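**Q** Quick one: sequence plus predicted model below, questions after.
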Amino acid sequence: MSVTRCDQTPAWAALQSHHAGAGRAFDLRSAFAADAGRVAAFSLDAPEIHADLSKNHWGATVQGLLLQLARECALEARRDAMLAGEPINHTEGRAVLHTALRAPRGAAPCSDDVHGVLDRMLDWVEQVRDTARSGIRHVVNIGIGGSDLGPQMVVPALDAYASRTLTLHFVSNVDGHDIAPVLRRLDPRETLVIVASKTFTTQETMANAQVARAWFLAGYGEGGEAAIAQHFAATTTNVEAAGKFGITTTFGFWDWVGGRYSLWSAIGLPIALAIGAANFRDLLAGAHAMDRHFASAPLASNLPIQLGLLDVWYRNFLGYSSRSIAPYHQGLRRLPAYLQQLEMESNGKCVDLDGQALPYATCPVVWGEAGTNGQHAYFQMLHQGTDVIPVEFVAVKTPNHGPDVPEVLKAGLADQHIKLLANCLAQSQALMLGKSTAEALGEKAPTASAQLDAQTVARHRTFPGNRPSSTFVLESLTPASLGALIALYEHRVWTSGALWGINSFDQWGVELGKALCNQLLPRFASGDTAGLDGSTAALLQRLLGR
């Protein structure tokens, strides 16, 4: 399919003209004052999620031109090609079918293969979760990148649904300070180790796997070699290598599953162990519901597409180079890290589909922290810093602490949740409204220095306001709503990448550092610095103590 790059369309030129005129002077406070229907016009509902996009720096004109841009770039046809299994990952000659992993049986390409692995995996999961029979009390997932970030984010998010007899642990860093504190607390006879590596060759994962194997054999005692088969499993396509390691239980996936899109596959094994087969299927169903919305909703009411269009407006016309994620739910504390990989590994590209250098910016920096912790860390910069940084708030209406919360705690926890939601709304309100110097002059500032005049103090306590944000509201954090939320972000990332004319599904930038690492490793044994740049040579010598 021929692709029209966004900057080659009439809509792009029209957006440039609009920004050069009225677009630069947009003010949220004026926009709300002038339009009583703004909230309704810029709010959308998708499966499991309500989105208020009214506090963003756009109006009907910008939204209309962005929709025109999507049509001129044939966004809908390209979406349909991806969902049909066409090889849109052209640099690797692969289809992109993570949506098939959560589709009902018979409803997507590769359905028989997908459901064959899923059924077998979930049957095995229920056997392990019967801890009285399996003897397993702890699960250690060893992976990195997409083999770690997805499960590590989802498991705490769905704690209310998790087994109370299984404890999940995650190890990813090749630094031994990651795995050592985990293993020292565990009994090998009560532990299941999952090695998550598509090729069973990932350097960091296999280093940790070998350490875990040595720990297991030392702690298990007689019969340890034979017991590896009962205490280790692998999510991999390299069954032969896993077998040489001693692993006989393996669950595979396919080359059309990118790492950062893989939690729906066998990589989700630790998720399924934590929350059980039925809840894992609900997670898939929530994502599939968002897939159907993405595939069929008109552009103007298609939430992931609207978010992707807004991303292009912010990055390429308003120049916003960063976006902060602020989930107001402690269970979602790993969501910002997960979204960092999803978006920055997907869209951190500087050439188009033809390999030509792009004349415009692509992926923003994505970062964040759970509220309210972030308010006491980086929100100062959001409110009064020199950069305008759009913020995305995620609020959950109804808390769920699980069935085992003591009655005596329930009233206090309910009160805390109200405080959490009030803080969430207050922060987005404060970002938009700000505070004028005149307003600051009319307030008392008990902690202000008595040596400063009132005007100076007021200027320090002035907030510029007009800072954009979006708020996503989930009724409750369930497997279905979390699945929908993750799928929403996946499709949003694809939308902006498609408009920028890049391949969001390769990650060549990960390869160079790996290759150089493999070249450097022998030098740590030999001390040879020949041919290295001066800095690397000097650092190597310092680290070797020479």
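**A** Sure, I can see it. Numbers count the residues shown, from 1 in each chain.
**Q** Report the secondary structure state of the closest residue to residue 508 other than its chain neighbours.
**A** Nearest residue to residue 508, sequence neighbours excluded (Cβ to Cβ, 6 or more residues apart in numbering): residue 91, at 7.6 Å. Using the backbone N, CA and C atoms, a C-beta is placed for each residue, glycine as well. Recorded secondary structure, residue 91: coil (DSSP: H, G, I helix; E, B strand; the rest coil).
**Q** now do residue 233
**A** strand.
**Q** For the residue nearest to it when sequence neighbours are not counted, give me the pLDDT.
**A** Of all residues not flanking residue 233 in the chain, residue 249 sits nearest, at 4.2 Å (Cβ to Cβ, 6+ apart). We have a pLDDT of 98 for residue 249.
**Q** so residue 249 touches residue 235, yeah?
**A** No. Using Cβ atoms under 8 Å as the test, residue 249 is too far from residue 235 to be in contact (10.0 Å).
**Q** More neighbours: which of the two?
**A** residue 235 (29 against 19; other Cβ atoms under 10 Å).
**Q** which residues touch the closest residue to that one other than its chain neighbours?
**A** Spatial nearest neighbour of residue 235, chain neighbours left out: residue 266 (4.2 Å); criterion: Cβ to Cβ, 6+ apart. Each residue near residue 266 by Cβ atoms under 8 Å, 6 or more residues apart in numbering is listed here: 117, 121, 235, 251, 252, 253.
**Q** ok, now which ones touch residue 224?
**A** The contact partners of residue 224, taken as Cβ under 8 Å, 6+ apart, are 188, 216, 217, 218.
**Q** Same check on residue 465?
**A** 28, 29, 430, 431, 432, 433, 434, 435.
**Q** Go again with 6 Å.
**A** 433, 434 (Cβ atoms under 6 Å, 6 or more residues apart in numbering).
**Q** again with residue 424
**A** Counting by Cβ under 6 Å, 6+ apart, residue 424 touches 328, 371, 393, 395.
**Q** Over to residue 216?
**A** Taking Cβ under 6 Å, 6+ apart, one finds residue 188 in contact with residue 216.
**Q** So which bits of the helix or strand harbouring it are buried?
**A** Residue 216 belongs to helix 203-220 when assigned by DSSP states H and E. By neighbour count on 16 or more other Cβ atoms under 10 Å, the buried set for helix 203-220 is 204-209, 211-213, 215-217, 220.
**Q** I'd like the distance between the most centrally placed residue in the chain and residue 8.
**A** Among the residues of the chain, the one closest to the centroid is residue 339, at 2.2 Å (Cα atoms, centre = their mean). Separation of residue 339 from residue 8 (Cβ to Cβ, to the nearest Å) stands at 29 Å.
**Q** repeat for residue 59
**A** Distance from residue 59 to residue 8, by Cβ to Cβ: 25 Å.
**Q** between these two, who's got more neighbours?
**A** Neighbours per residue, other Cβ under 10 Å: of residue 59 and residue 8, the larger number sits with residue 59, 18 against 12.
**Q** For the stretch 101-250 of the chain, which segments count as strands?
**A** 138-142, 167-171, 191-196, 232-235, 250-251 (DSSP state E, counting those that start in this stretch).
**Q** who wins for proximity to residue 284 among those strands?
**A** Using Cβ to Cβ as the measure, strand 250-251 is the one of the strands of the stretch 101-250 of the chain that comes nearest residue 284, at 15.1 Å.
**Q** The closest one pairs with which strands, parallel or anti?
**A** Within its sheet, strand 250-251 is paired with strand 232-235 (parallel), according to DSSP bridges.
**Q** In contact with the closest residue to residue 241 other than its chain neighbours, which residues?
**A** With Cβ to Cβ, 6+ apart as the criterion, residue 241 has its nearest non-adjacent residue at 4.0 Å, and that residue is residue 200. Contacts for residue 200 (Cβ under 6 Å, 6+ apart) come out as 236, 238, 241, 242.
**Q** Same list (those residues) but as CSV, adding distance to residue 525.
**A** Output for these, formatted as CSV (distance: Cβ to Cβ, whole Å):
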residue, distance to residue 525
236, 29
238, 27
241, 25
242, 28
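**Q** and those as JSON lines, adding distance to residue 539 and neighbour count?
**A** Formatted as JSON lines, the contacts of residue 200 follow (distance: Cβ to Cβ, whole Å; neighbours: other Cβ atoms under 10 Å):
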{"residue": "236", "distance to residue 539": "35", "neighbour count": "27"}
{"residue": "238", "distance to residue 539": "34", "neighbour count": "17"}
{"residue": "241", "distance to residue 539": "33", "neighbour count": "18"}
{"residue": "242", "distance to residue 539": "36", "neighbour count": "23"}
